[in-house]
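1. Fold the following, please.
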Amino acid sequence: MGIAVIVHSHSHNKVEKEDSARKKEKAALVEKAASWLRVAKPELEFGDISTDISRQPVVDGISTLLLSEDKKTGDQTVLMTLHAGYETHVKSCHEYWEEVYILEGSLYDKEKKINIRPGMYACRPPGMLHGPYKASESCTMLVVSRHVIDEAKVRSSL
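-> The predicted structure follows:
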C-alpha cells in the first residue's frame with residue numbers, strides 16, 4: 001500500500017506539473033490573442049470627408065478612401081465606390097473578416113441574382129466565397145476588414 005501511495009503521489013505530481021504547464025500555455029495564448037484585439041487604429045474625431053471620395057483616383061473601376069488603418073494588423077475601414085460599369089466575373093474570398101454596408105447606389109450579385117441596395121449589410125468570415133458582382137450605377141459602401149491570427153489554433157488551445 002505504501003508503494004501505491006508513492007506511485008499515486010508521483011503520478012499526481014506529474015498531473016499537477018502538466019496542468020501547470022498547460023495553464024501557462026493557455027495564459028500565453030490568451031495574452032497573445034488579447035494583444036491582437038488591441039486596435040492600433042488612430043484616434044480620430046468627426047471631420048467632413050463627404051467630398052474626399054469623389055477626389056480619389058479610379059483604379060479598375062473602384063475608388064477607395066482609407067478612413068483608418070492598423071498598420072500592425074492590416075485592419076482597415078474604407079469608404080469604397082464601385083463605379084458604373086464595374087464588374088467581376090469570378091467569386092472572391094479573403095483571408096480576413098469583411099463587413100460591408102451599402103450607403104448609395106446598387107450592386108447586382110450575379111450568383112445569387114439579387115440587387116444589393118442602400119441599407120443592406122454583409123458580414124463575411126475569412127474564406128467565404130462571394131460575388132461575382134456588377135454595378136450598373138455607382139455603388140458606395142463602407143467596408144471594414146479585420147485580420148485574424150490563427151483563430152482555430154487559439155480556440156483549440158483554450
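2. going forward, measure contacts and count neighbours with C-alpha atoms only.
-> Noted.
3. what about the strands in the protein?
-> Counting by DSSP state E, the segments of the chain that form strands are 62-69, 76-82, 96-104, 107-109, 114-116, 121-124, 133-134, 139-147.
4. which residues does the residue nearest to residue 122 when sequence neighbours are not counted contact?
-> Leaving aside its sequence neighbours, residue 122 sits nearest to residue 100 (Cα to Cα, 6 or more residues apart in numbering; 5.2 Å). Shown in contact with residue 100 (Cα atoms under 8 Å, 6 or more residues apart in numbering): 121-123, 141-144.
5. thinking again about what came up before, I'd like the strands of the chain as JSON lines, with distance to residue 23 and mean pLDDT appended.
-> What follows is these, written out as JSON lines (distance: least, Cα to Cα, whole Å; pLDDT from 0 to 100):
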{"stretch": "strand 62-69", "distance to residue 23": "34", "mean pLDDT": "90"}
{"stretch": "strand 76-82", "distance to residue 23": "34", "mean pLDDT": "93"}
{"stretch": "strand 96-104", "distance to residue 23": "29", "mean pLDDT": "96"}
{"stretch": "strand 107-109", "distance to residue 23": "47", "mean pLDDT": "97"}
{"stretch": "strand 114-116", "distance to residue 23": "47", "mean pLDDT": "97"}
{"stretch": "strand 121-124", "distance to residue 23": "33", "mean pLDDT": "97"}
{"stretch": "strand 133-134", "distance to residue 23": "48", "mean pLDDT": "97"}
{"stretch": "strand 139-147", "distance to residue 23": "27", "mean pLDDT": "95"}
